[in-house]
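In: I'd like to go over a predicted model; first the sequence, then the structure.
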2 protein chains.
Amino acid sequence: MTAEQVARAAREASNVLQTITSAQKSAVLKRIKEVLVERRDAIVAANRADKEAAQKEVEAGRLSASLCARLDIEGAGGEKYATLLQGVDDVDAIPDPVGQVTMARRLDDNLDLYRVVCPVGVCLVIFEARPEVVVNIACLAIKSGNAAILKGGKEASRTNQELAAAIQHAIATTPATPGAQTVFPERAVQVVSTRDEINSLLDMDRYVDLVIPRGSSSLVRHIRDNTRIPVLGHADGICSTYLDASADVAKAVHTVVDAKTNYPAACNATETLLVHASVVDSVFVPVAKALLAAGVRIHADERSLQAIEAAGVAQDALQLVSAATDGDFGHEYSDMEIAVRVVDSLDAAIDHINAHGSKHTDAIITEDRASADWFMRRVDASGVYWNASTRFADGFRYGFGTEIGVSTNKTHARGPAGLEGLTIYKYRLFGNGQGAGDFGVGPGKHSFLHEDIALDDEVRNRFVL
Amino acid sequence: MTAEQVARAAREASNVLQTITSAQKSAVLKRIKEVLVERRDAIVAANRADKEAAQKEVEAGRLSASLCARLDIEGAGGEKYATLLQGVDDVDAIPDPVGQVTMARRLDDNLDLYRVVCPVGVCLVIFEARPEVVVNIACLAIKSGNAAILKGGKEASRTNQELAAAIQHAIATTPATPGAQTVFPERAVQVVSTRDEINSLLDMDRYVDLVIPRGSSSLVRHIRDNTRIPVLGHADGICSTYLDASADVAKAVHTVVDAKTNYPAACNATETLLVHASVVDSVFVPVAKALLAAGVRIHADERSLQAIEAAGVAQDALQLVSAATDGDFGHEYSDMEIAVRVVDSLDAAIDHINAHGSKHTDAIITEDRASADWFMRRVDASGVYWNASTRFADGFRYGFGTEIGVSTNKTHARGPAGLEGLTIYKYRLFGNGQGAGDFGVGPGKHSFLHEDIALDDEVRNRFVL
């Protein structure tokens, strides 16, 4: 199939998905889990072939060991495969957002307007390495009534093909749901495998409604620069933590060490530490010592460097400290490294973040409520935290059950995006033959009532299938 | 100022606007109205100069008379200026969305998450002709806490400059609000005047968060094709009305005539009429006669053409009827013209709309609830109407008080977009020193509570300034 045929099939599947019931979605998800259990041996065999090929690339120096590690779908004791299966159940358990009424208004007698949640439509998801994303995104797309076109990394191509085949087989063999008017479309989930197909699809705003890239910042940037289609995601995760003039030392040490070392490769790890000049010795030095003890390299600006040197840090720890350059601020280390800058005021910290950050997640450590409030209002980021690690920016930790990704966009979905990121709404208007010319000033003309209709459970769920 | 300086100033203004109170916004809006009254003579004089220059262009055949007419800001009896002033009051009266809590969740004891509405940030608004848009958009931006960069058509440049100067003067001379921590930024509203500046600004996704084009489809398309910044709006308004097998004749005649003739140049006017084959004679012919009587040109497909010819329509009316070509479907006449196609089923009508429409607004005329429901689910458009004219797709008619435009996007804001289209949210997390590593399995580890916090009035308004 050409990329255009794939896109057109996805659009047709999307049209059909508009009349699929929640029960049908649930039946498909349950069947997907069954097929993933039935076909486990074949999927694992494909995954081993991918891993062996990748291992040769690592040995030849053409692939990083960490990327190779992310290919694995089994886990040493099978725990990664168990997590993948559990993920299908988790998505099945999320309430179905489609059909929910979020606004209802009587415009006039017999002229009622409802704003109803519906799927975005056709989503193109592009990811690297981790093949379990195929299953995760396919399930989220099914739950939200979207058609999905998936493109994984070439290193995982055998695994991705097996997983996609399993999902399509599951859709085709799901028992019919009694009373359903529509057959679940098999082409709701499709996989493409070449970069050429992606470049073609990025040009098809006629068929594709949303692009979700999950991978390196260069991947995300390339996609943003080459499509008119809305892109949901983030290129960079340059998160900062600011130690305010009234920061508590123990809270500062605990949150900063967690934010840097809990999972340094994550997008929500803190990359920059800002320090109010008045607490360099009292708060920053203990934080620095804890970071050094944890093995974190510190790129320190002049004032913070002096403070570390004056604090009598052991010589071997001092070897982890170097002078920061401008390039260190606004850099995503994704590793056990952190940049430090001393600032003279709360506003200087905010200005630094708004200038160098990536609008992802930023934290203030302070005992002063007014400072925290000012910081949380003025910092332009999807997450603004008071006395908490930036590592909490995550759909699971927020209680969304799952996430399609973390968005640094300023429109549609921001921050860790759950199913809401895959839905939008349409307006349904129920009349009995009215025209706009019936309203206005003059004999026989109507005036708009514009009365809100209360969203009780019956109204809210009136259009849920 | 260079375009980059304008964009940077807007971004700085946007940062400051995050801590502006509702009372301050209201004071600025009231002052804008005062200054527009005070400076009326100067504004009207500038507008007359624009109109005179435009009239010469019309006489030279370089400008359309309708565009020239839209330049006028006074109205014959001053009623257009009065509407402009009333519009400022209307925006002032809308509830301020900023600071509202839309989700609250306890992640753990002393770890509370709030999703809080905030401004999108910096909006670039590009429009043609109608200078009152300067005032309307400036007021909406102020109300929602956004910084706005405005670019109007060159025909209205004198008027736009006077209006922008009045708004900036109003901001600068608004009396201080007692207790406000922040001075309202004068650069919250800026105007640029050249196409070169726009091309530069469209490249500044670092500073600009949203582009709102209001004008011709070629303008909107040009912008979409030349920016990475999200674009809110619509290029085309290709709305359809479908006369179903069980359409009521009177409702069909009334809604179709309204949808076509009430304001043919509007984006929500019906451009295509689809007719179920079983009601060509019984329903379509009366509709066609009414359209012809109103002076509408009909581009009819083969079956509808035969029906009109067989119906004994008067010869002079018949001159308004011609054979449709493929190009007539998916064409926005914006005039007293309509394309007609006979289809053999409800699904064929839906397929036609999904293939040829612009996802704006589409209506079904039917007495069959099941057909209406199927149509409203399966048609992919911002508005799906049952027995009502497509002309209702409008922010005022929906009761939004005002609108920033009608969006055919599938993300962020869809349909007539009010202030919601200019807002997004951020997550505020309130901790007391927690790290992500405190949660998990093992001794001393916490589990997430994920308890919803009820959105009573106190919680909902906790962060409103």
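Out: Now that the structure is in, tell me what you want to look at. Residues are numbered from 1 along each chain as shown, chains lettered A, B, ... in the order given.

In: how about low-confidence regions in chain A?
Out: For chain A, applying pLDDT under 70 flags the ranges A:129.

In: Geometrically speaking, which residue is the centre of it?
Out: In chain A, the centroid-proximal residue (C-alpha atoms, centre = their mean) is A:Gly405; its distance is 1.2 Å.

In: Phi and psi next, for it.
Out: Note on A:Gly405: its backbone torsions stand at phi 150, psi 170 [degrees, to the nearest 10].

In: show me the contacts for it.
Out: With contacts defined as C-beta atoms under 8 Å, 6 or more residues apart in numbering or on different chains, the neighbours of A:Gly405 are A:212, A:214, A:232-234, A:416-417, A:421. Any C-beta I mention is one placed from the backbone N, CA and C, and that applies to glycine too.

In: and with 10 Å instead?
Out: Contact analysis of A:Gly405 by C-beta atoms under 10 Å, 6 or more residues apart in numbering or on different chains lists A:125, A:127, A:133, A:137, A:212-214, A:220, A:232-234, A:267, A:395, A:413, A:416-417, A:421.

In: Quick one: residues contacting the closest residue to it other than its chain neighbours.
Out: Leaving aside its chain neighbours, A:Gly405 sits nearest to A:Gly233 (5.1 Å; criterion: C-beta to C-beta, 6 or more residues apart in numbering or on different chains). By C-beta under 10 Å, 6+ apart, the contact list for A:Gly233 reads A:125-126, A:211-215, A:217, A:219-220, A:223-224, A:267, A:404-409, A:413, A:417, A:421.

In: now, which of those residues lie within helices?
Out: A:217, A:219-220, A:223-224 (DSSP state H).

In: Nearest spatial neighbour of the residue in the stretch 151-300 of chain A positioned nearest to chain B, chain-adjacent residues omitted?
Out: Closest to chain B within the stretch 151-300 of chain A is A:Asp258: 2.6 Å, counting by C-beta to the nearest C-beta. Excluding its sequence neighbours, the residue lying closest to A:Asp258 (C-beta to C-beta, 6+ apart) is B:Gly435, at 2.6 Å.

In: The one you found: neighbour count?
Out: The number of residues packed near B:Gly435 is 21, by other C-beta atoms under 10 Å in any protein chain shown.

In: Go ahead and confirm it touches A:Ala259.
Out: Yes: between B:Gly435 and A:Ala259 there is a contact at 7.1 Å, judged by C-beta atoms under 10 Å.

In: Now list whatever residues contact both of these two.
Out: What both B:Gly435 and A:Ala259 touch, as defined by C-beta under 10 Å, 6+ apart, is the set A:388-392.

In: Now do the contacts for A:Ala42.
Out: A:162, A:165-166.

In: Output these in a markdown table; the columns should cover neighbour count, secondary structure and distance to chain B.
Out: Output for the contacts of A:Ala42, formatted as a markdown table (neighbours: other C-beta atoms under 10 Å in any protein chain shown; DSSP: H, G, I helix; E, B strand; the rest coil; distance: C-beta to the nearest C-beta, whole Å):
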| residue | neighbour count | secondary structure | distance to chain B |
| --- | --- | --- | --- |
| A:Glu162 | 23 | helix | 31 |
| A:Ala165 | 16 | helix | 29 |
| A:Ala166 | 23 | helix | 29 |
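
In: between the residues you listed, which is closest to A:Val313?
Out: Using C-beta to C-beta, A:Glu162 comes nearest to A:Val313 of the contacts of A:Ala42, at 52.2 Å.

In: so the closest one makes contact with A:Val134?
Out: Yes: A:Glu162 lies in contact with A:Val134 (C-beta under 10 Å); the separation is 9.3 Å.

In: Between those two, which contacts overlap?
Out: Both A:Glu162 and A:Val134 are in contact with A:Ile73, where contact means C-beta under 10 Å, 6+ apart.

In: Single out the residue in the stretch 1-150 of chain A that lies closest to chain B.
Out: For the stretch 1-150 of chain A, C-beta to the nearest C-beta, closest residue to chain B: A:Gln18, 4.6 Å.

In: That residue contacts A:Gly145, correct?
Out: Yes: in this structure, A:Gln18 is within contact of A:Gly145 by C-beta under 10 Å, at 6.9 Å.

In: Between those two, point out the one with more neighbours.
Out: Neighbours were counted for A:Gln18 and for A:Gly145 using other C-beta under 10 Å; A:Gly145 has more, 28 against 21.

In: So for the more buried one, what's the nearest residue that isn't a sequence neighbour?
Out: A:Gly145's closest residue in space is A:Pro119 (C-beta to C-beta, 6+ apart), at 3.7 Å.

In: I'd like the distance between A:His276 and B:Ile238.
Out: 58 Å (C-beta to C-beta, to the nearest Å).

In: got the domain boundaries for chain A?
Out: Listed by automatic domain parsing, the domain ranges of chain A are A:3-232+A:414-422, A:239-399.
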